[in-house]
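Build me a model:
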Amino acid sequence: MPRDVFTAGNPQDWLRNARSDLALARLRKTRSLLYEHLCFHAQQASEKAIKSVLLSHGVAFPGTHDLAFLMDCLPESLSVPPSLIDLPSLTKYAVQQRYPGDAPMVTSTQREHALRLAEQAVAWASHHILKK
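Numbers count the residues shown, from 1 in each chain. All right, here's what the predicted structure looks like:
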């Protein structure tokens with residue numbers, strides 16, 4: 001049964017999971033690995049990084065993969081770096097790119113962009129969590 005609101009776990013646990021997804025997103029593409037799946041892990045790293053920051057501020061969040069929504073939940077007093085402005089573009093990798101179908105294949109350029117954004121999101125969250 002899906003949860004409506006997450007309050008469990010601590011920011012460090014969420015950040016540890018974000019770093020794990022980031023490590024998977026950094027894997028080199030081989031014939032067996034698809035860019036789509038590497039981008040999924042970049043999205044997941046970003047999502048968990050934001051959720052770690054939300055938890056560090058005592059903000060409960062719904063079970064969603066929507067990065068724009070999650071970023072809107074961040075406290076107004078918190079400054080989000082301009083480098084993360086495009087982070088919501090990774091939301092599409094959460095579901096639609098994970099399964100065969102109508103979604104176009106992901107290119108190496110798109111994968112590099114997703115990886116850069118995820119690295120910046122995890123670095124920002126890490127700095128924020130360590131600072132608190």
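
helices and strands of this structure: which one bottoms out on pLDDT?
strand 5-6 (a mean of 56; mean pLDDT, DSSP states H and E).

which strands and helices sit next to the longest helix along the chain?
For the chain, the helix with the greatest residue count under DSSP state H is helix 108-131. Applying 3 or more CB pairs under 8 Å, 6 or more residues apart in numbering; DSSP states H and E, one finds that helix 108-131 contacts helix 11-25, helix 35-56. Quick note: C-beta positions are derived from backbone N, CA and C, even for glycine.

what residue lies at the spatial centre of the protein?
Computing the C-alpha centroid of the chain and ranking residues by CA atoms, centre = their mean puts residue 46 first, at 1.7 Å.

thought that one was touching residue 87?
Yes. Using CB atoms under 8 Å, residue 46 is in contact with residue 87, at 5.7 Å.

Name the residues contacting each of the two.
67, 117, 121 (CB atoms under 8 Å, 6 or more residues apart in numbering).

Make TSV out of those and add distance to residue 33 and pLDDT.
Formatted as TSV, the shared contacts of residue 46 and residue 87 follow (distance: CB to CB, whole Å; pLDDT from 0 to 100):
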residue	distance to residue 33	pLDDT
67	23	98
117	19	98
121	22	98
